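S.K.: pasting the structure only:
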């Protein structure tokens, strides 16, 4: 994994983590993916940027999986249980419980 | 975070500096490019920066001499906002000379926008300095850690710039 992502490494003793930390990992990796995508829009052949993108994408997917396995789906497309788990967590207007 | 721009005045000392690009412009000879446009005349010496002087008293509402009588259409200049009217200065011969907008933090003299003459629709572009735009290509660099990237709004240190002039200052 890219050295710059090590602080957000999704392996080892950081898990289990709190819901807030898990969500922050999703935000951070998601933003890194968004930003490298913008860079690649104008530097499509740059190997280092493509490598960063691959690493960031994997880390983002890992962060999403870590959150969803512990706290429920982030998107309705990730509802894979036999019951409708989408409504198990608080709605946004209900705040955190 | 700091910058050394000369306009905000609050961010000296970070080592950033504006690039200085010499622009050779020779009016003395014809370049033989067969351009349809004539050579521009030399700009001449830079005009003195006008002193602002004391701010004139603003007449009470409804009492000003420029207030048009009821029922008549006001002319364009008297309909301007007061701060625009103040930029116009008399040349002494009864005509309005091109006024300037002295920027408090800059030595650049820029003609006021309202020196456009509504009657003729003409505008003397020679009063403006030449401008050049460029966008350097961003090079790859060691990125921020992702937590810092989210905090700063970019993962690229070279794009993490101090936007101090607007309301976005951190």
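M.R.: Here it is on my side, so go on. On a predicted model such as this, the values are computed, not experimentally measured, just so you know. Numbers count the residues shown, from 1 in each chain, chains lettered A, B, ... in the order given.
S.K.: Report pLDDT for residue A:37.
M.R.: Listed pLDDT for residue A:37 reads 98.
S.K.: Same question for residue A:49.
M.R.: pLDDT recorded at residue A:49 is 98.
S.K.: what's the answer for residue B:112, then?
M.R.: pLDDT, residue B:112: 60.
S.K.: And the average pLDDT for the longest helix along chain B is what?
M.R.: Identified as the longest helix of chain B according to DSSP state H is helix B:146-152. For helix B:146-152, mean pLDDT is 95.
S.K.: So for it, what gets flagged as buried?
M.R.: In terms of neighbour count (16 or more other C-beta atoms under 10 Å in any protein chain shown), helix B:146-152 has its buried residues at B:146-150, B:152. All C-beta atoms are positioned from the backbone trio N, CA, C, and that covers glycine.
S.K.: how about it against chain A, any contact?
M.R.: Yes: for helix B:146-152, a contact with chain A is found by C-beta under 8 Å from any C-beta of the partner chain, at B:146-147, B:149-150.
S.K.: ok, the residues you listed vs residue A:49, which is closest?
M.R.: residue B:149 (14.3 Å; C-beta to C-beta).
S.K.: Quick check: that closest one touching residue B:155?
M.R.: Yes: under the criterion of C-beta atoms under 8 Å, residue B:149 makes contact with residue B:155 at 3.6 Å.
S.K.: Spit out the residues that contact these two alike.
M.R.: The contact sets of residue B:149 and residue B:155 overlap at A:31-32, A:35, B:143 (C-beta atoms under 8 Å, 6 or more residues apart in numbering or on different chains).
S.K.: so which of those is the most crowded?
M.R.: residue A:32 (29 neighbours; other C-beta atoms under 10 Å in any protein chain shown).
S.K.: returning to what we had before: kindly indicate which of the shared contacts of residue B:149 and residue B:155 lies nearest residue A:74.
M.R.: Nearest to residue A:74 among the shared contacts of residue B:149 and residue B:155, with distances taken as C-beta to C-beta, is residue A:31, at 14.9 Å.
S.K.: how far away is that closest one from chain B?
M.R.: According to C-beta to the nearest C-beta, to the nearest Å, residue A:31 and chain B sit 5 Å apart.
S.K.: cool, residue A:81 as well?
M.R.: 30 Å.
S.K.: Quick one, grab the pLDDT at that residue.
M.R.: At residue A:81, pLDDT is 80.
S.K.: Give me the neighbour count for it.
M.R.: 11.
S.K.: name the element it belongs to?
M.R.: According to DSSP states H and E, residue A:81 maps onto no helix or strand at all.
S.K.: Next, give phi and psi for it.
M.R.: phi -80, psi 170 (degrees, to the nearest 10).
S.K.: got it, and residue B:132?
M.R.: Note on residue B:132: backbone dihedrals following degrees, to the nearest 10 are phi -130, psi 140.
S.K.: pLDDT at it, what is it?
M.R.: The per-residue pLDDT reported for residue B:132 equals 86.
S.K.: Count the neighbours of it for me.
M.R.: Residues near residue B:132, counting by other C-beta under 10 Å: 6.
S.K.: same thing with residue A:75?
M.R.: So residue A:75, with other C-beta under 10 Å, has 9 neighbours.
S.K.: got the residues of chain B near chain A?
M.R.: With C-beta under 8 Å from any C-beta as the criterion, chain B meets chain A at residues B:137-138, B:140, B:142-147, B:149-150, B:154-156.
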